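*Asks:* got a structure for you, letters missing:
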């Protein structure tokens, strides 16, 4: 019996598979950012001004969306997605 690294048995993805994966990632990123923008828009549209989202939080949220969409930031995309979903530490 031979012991083989399972990664060595995996086939390299073809160029078409890579392109398809990139397209899925791009669509997911657009969807994620769009949903976050709509959430902020709804939070800013409450009838009573006291129920509306604080402008500081709006700006922070929009900056996070921008970072995710453009793929920038010091912590990388995964961290930014976690923050958008409220899972990670917030940046102040």
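*Replies:* Done, it's in. Keep in mind it's a predicted model, so treat the numbers as computed, not measured. Residues are numbered from 1 along each chain as shown.
*Asks:* lowest average confidence, helix or strand, in this protein?
*Replies:* helix 6-9 (a mean of 54; mean pLDDT, DSSP states H and E).
*Asks:* which is the next helix or strand following that one?
*Replies:* helix 15-44 (DSSP states H and E).
*Asks:* list the helices and strands that following helix packs on?
*Replies:* Packing partners of helix 15-44 (3 or more Cβ pairs under 8 Å, 6 or more residues apart in numbering; DSSP states H and E): helix 55-70, helix 76-84. Quick note: C-beta positions are derived from backbone N, CA and C, even for glycine.
*Asks:* what's the least confident stretch among these?
*Replies:* Here the helices and strands packed on helix 15-44 differ in mean pLDDT, and the lowest is helix 76-84 at a mean of 57.
*Asks:* neighbours of the closest residue to residue 46 other than its chain neighbours, how many?
*Replies:* Of all residues not flanking residue 46 in the chain, residue 52 sits nearest, at 4.7 Å (Cβ to Cβ, 6 or more residues apart in numbering). For residue 52, the number of neighbouring residues by other Cβ atoms under 10 Å comes to 13.
*Asks:* residue 52 and residue 45 touch, don't they?
*Replies:* Yes - counting by Cβ atoms under 8 Å, residue 52 does reach residue 45; the two are 7.4 Å apart.
*Asks:* now do the buried residues in stretch 33-43.
*Replies:* Across stretch 33-43, burial judged by 16 or more other Cβ atoms under 10 Å covers 33, 36, 40.
*Asks:* and the last one, what does it touch?
*Replies:* Meaning residue 40. 53, 58, 61-62, 65 (Cβ atoms under 8 Å, 6 or more residues apart in numbering).
*Asks:* cutoff 10 Å now
*Replies:* Counting by Cβ atoms under 10 Å, 6 or more residues apart in numbering, residue 40 touches 53, 57-59, 61-62, 64-65.
*Asks:* of all those residues, which comes closest to residue 22?
*Replies:* Nearest to residue 22 among the contacts of residue 40, counting by Cβ to Cβ, is residue 65 at 20.4 Å.
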